[in-house]
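Student: curious how this folds, go ahead:
(one chain, ligands or ions: 1)
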Amino acid sequence: MMEPSRQLMTVGNTTSFRDTLQQLSSYGWSIHHADNAQEAMELLNSQACSVGLIAMAPSASSLPLEVNTRYGLSQIQWVAIIERDALQHDKIRDLIYNACYAYQDYPPDARRLDILLESALGMASLHEAHPIPTLSCPDDNHHMIGESSVMRELYRTIHKVAGADAPVLITGESGTGKELTARAIHAHSSRGHGPFNVVNCGALPSGLIQSELFGHEKGAFTGANQRKIGIIENSQGGTLFLDEIGDLPLDMQVNLLRFLENLKVFRVGGLKEIPVDVRVLAATHVDLEKAVEMGEFREDLYHRLNVLQVRTPALREHPEDIEPLARFFFQKFSAEKPSRVRGFSHDCTVVMRQHPWPGNIRELVNRVRRSMVMCEQRLIRPTDMGLERRQSLSRDTDTLQQVRDMAESEAIRAALARNKHKVLHAARELGVSRVTLYRLLEKHCIDKNGGSVDGKTVDPSTFRLVQLTST
Ligand SMILES: Nc1ncnc2c1ncn2[C@@H]1O[C@H](COP(=O)(O)OP(=O)(O)OP(=O)(O)O)[C@@H](O)[C@H]1O
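Tutor: Okay, here's the model as predicted:
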């Protein structure tokens, strides 16, 4: 780890302890001053300060929270200098408790402060040593988190398809980040400055869908008192994301296909075609090929949308990202609403790894949010997240065979995921022949796409049940 540099940002009215600051300079601290939050943020853009010393006025500035919200909670370790009496104010107590590393009374003692700042610096460097890996998005709210090989592969694919102006079909289980992926494709494409509009095809009432998408002219039907511009036209110069495309009624599929072929819309009741420059991204969590076979989805539309394909991985395929994701959501929610909770207990991180996450990243978001409400301690425990340590791995009654079977089935699923479901490659990685791997897939009821045989979400404990009942 690099030796942390002794850059110190001071904020607020520090005139009453000017001498102390001079002594700190003589101890090797480079001091940069900001009068207010705005200046502090500007300073942070040019100086790599990770420790802040704030002269906290009795009126209680919320500055440490503001700065941490902007820069990511825990990025700056704050030490507050306060009048002892100020601790009687709830607001100040809360602020120090929630946003500061430590505090010292007036007049601050240079030696003690030096030690305190040094240890704050140590804490800051620990945070820096564990940055949250992301795919950045120009829009601050939509960064993608995860540094596993599957997520890196996803980022690479996003960059590749962003450069092409063709439709993209995004597939993946519910909650795996299909919409976020669509936003990232848009943001990294040449249309990034244009609009990004989302239509959930499953949520639109069938009677309204035509006019929602294509718009209508005044008087086109009873109740059409005004001209309405449809969402396709409103996406001019940008991207239209059609979520749950599999739910689009068949008659609408024809209209959408026509639009994709000539990039012109006909408003309902309109007389002329209007050209629209828009890129269409579509997402589905159902198997569209199967839907085509069943006659529920038009084959021509499927091929038109499926020019480029991106698959968002299930969370169980990249368990190494669970903790960084959980930390990211924790920081995000802490910034939105200051919390006394400081992070996750060790037990909690172990249990998060064991949980199969059938609801994927959305489930993780919800569980982290819940845990921050439920937690009564400084660290979140498994029960705060509504999770229990999985019995199967720790129960005395598990036979060695059962434990082996579970490990075997999890290793196979992970190898398939890593090898894009290519059985031959997964078999090579696992050091078995292809025939053996097929036999094992059958034994563990795994289809070669990593799901269970009936296509339901894979939960290792379910596999165990299947196995126990079939033997
Ligand atoms: N890699 C990621 N990094 C950070 N947040 C993520 C990531 N992937 C998903 N999320 C978050 O998880 C939640 C679900 O993501 P999203 O809505 O994109 O999933 P989805 O696959 O479109 O779900 P559905 O199929 O149910 O519509 C959102 O809050 C999203 O911001």
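Student: list the residues that contact the closest residue to the ligand within the chain.
Tutor: Nearest residue of the chain to the ligand, counting by Cβ to the nearest ligand atom: Gly177, 2.7 Å away. No exception for glycine: its C-beta is placed from N, CA and C like everyone else's. Listed by Cβ atoms under 8 Å, 6 or more residues apart in numbering, the contact set of Gly177 reads Met144, Thr312, Asn360, Ile361.
Student: and for Leu116?
Tutor: Listed by Cβ under 8 Å, 6+ apart, the contact set of Leu116 reads Val79, Ala102, Gln104.
Student: reformat those as JSON lines; add neighbour count, secondary structure and pLDDT.
Tutor: Shown next, in JSON lines, are the contacts of Leu116 (neighbours: other Cβ atoms under 10 Å; DSSP: H, G, I helix; E, B strand; the rest coil; pLDDT from 0 to 100):
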{"residue": "Val79", "neighbour count": "22", "secondary structure": "strand", "pLDDT": "91"}
{"residue": "Ala102", "neighbour count": "15", "secondary structure": "strand", "pLDDT": "88"}
{"residue": "Gln104", "neighbour count": "18", "secondary structure": "strand", "pLDDT": "91"}
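Student: and Met282, that's in a strand?
Tutor: Slight slip there: residue 282 is Ala, not Met. Yes. Membership of Ala282 in a strand is supported by DSSP: H, G, I helix; E, B strand; the rest coil.
Student: which residues does it bridge with?
Tutor: Going by DSSP bridges, Ala282 is paired in beta bridges with Leu169, Leu242.
Student: Val168 is in contact with that one, correct?
Tutor: Yes. Here Ala282 reaches Val168: they are 7.4 Å apart, a contact under Cβ atoms under 8 Å.
Student: measure the closest residue to Thr157 other than its chain neighbours to Leu301 for me?
Tutor: Of all residues not flanking Thr157 in the chain, Val310 sits nearest, at 5.3 Å (Cβ to Cβ, 6 or more residues apart in numbering). From Val310 over to Leu301 the distance is 18 Å, taken as Cβ to Cβ, to the nearest Å.
Student: that older thread, JSON lines for the contacts of Leu116, including distance to Met406?
Tutor: Output for the contacts of Leu116, formatted as JSON lines (distance: Cβ to Cβ, whole Å):
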{"residue": "Val79", "distance to Met406": "48"}
{"residue": "Ala102", "distance to Met406": "46"}
{"residue": "Gln104", "distance to Met406": "53"}
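Student: just give me the closest of those residues to His444.
Tutor: Looking at the contacts of Leu116 and their distance to His444, the nearest is Ala102, at 52.4 Å (Cβ to Cβ).
Student: name the residues linked to the closest one by a beta bridge.
Tutor: Val79.
Student: between which two of the contacts of Gly177 is the distance greatest?
Tutor: Counting by Cβ to Cβ, the most remote pair of these is Met144 and Asn360, 13.5 Å apart.
Student: name the helix or strand of this structure that has the lowest mean pLDDT.
Tutor: Least confident element among the helices and strands of the chain, by mean pLDDT, DSSP states H and E: helix 460-470 (a mean of 28).
Student: any idea how this structure splits into domains?
Tutor: 7-129, 140-311, 315-389, 393-470 (automatic domain parsing).
Student: the ones you listed: lowest mean pLDDT?
Tutor: Ranked by mean pLDDT, the domains of the chain bottom out at domain 393-470, which scores a mean of 64.
Student: near the ligand, anything from stretch 298-310?
Tutor: No. Stretch 298-310 stays clear of the ligand (Cβ under 6 Å from any ligand atom), getting no nearer than 11.3 Å.
Student: how about the residues of this structure near the ligand?
Tutor: Looking at the ligand, the residues of the chain close enough under Cβ under 6 Å from any ligand atom are 144-146, 172, 174-180, 243, 283, 285, 312, 361-362, 365.
Student: next step: the residues you listed restricted to helices.
Tutor: Judged by DSSP state H, the residues of the chain next to the ligand include Lys178, Glu179, Leu180, Ile361, Arg362, Val365 as members of helices.
Student: could I get the residues you listed as JSON lines with neighbour count?
Tutor: Output for those, formatted as JSON lines (neighbours: other Cβ atoms under 10 Å):
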{"residue": "Lys178", "neighbour count": "24"}
{"residue": "Glu179", "neighbour count": "18"}
{"residue": "Leu180", "neighbour count": "20"}
{"residue": "Ile361", "neighbour count": "23"}
{"residue": "Arg362", "neighbour count": "15"}
{"residue": "Val365", "neighbour count": "18"}
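Student: most widely separated two among those residues?
Tutor: That would be Lys178 and Val365, which, of those, are the farthest apart (Cβ to Cβ) at 14.4 Å.
Student: what does the residue nearest to Ala48 when sequence neighbours are not counted show for phi and psi?
Tutor: The shortest distance from Ala48 to any non-neighbouring residue, by Cβ to Cβ, 6+ apart, is to Gln7 (6.0 Å). Gln7 adopts backbone torsions of phi -100, psi 130, taken as degrees, to the nearest 10.
Student: and Gln7, what does it touch?
Tutor: Here Gln7 is in contact with Trp29, Ser30, His32, Gln47, Ala48, Cys49, Ser50, Val51 (criterion: Cβ under 8 Å, 6+ apart).
Student: Asp247 now?
Tutor: Neighbouring residues of Asp247 by Cβ under 8 Å, 6+ apart: Cys201, Gly202.
Student: would you agree Met352 is in contact with Arg327?
Tutor: No. If you go by Cβ under 8 Å, Met352 and Arg327 don't touch, sitting 10.7 Å apart.
Student: overlap of the contact sets of those two?
Tutor: Common neighbours of Met352 and Arg327 (Cβ under 8 Å, 6+ apart) are Phe344.
Student: most neighbours out of the contacts of Gln7, which is it?
Tutor: Within the contacts of Gln7, most neighbours by other Cβ atoms under 10 Å means Val51, with 27 neighbours.
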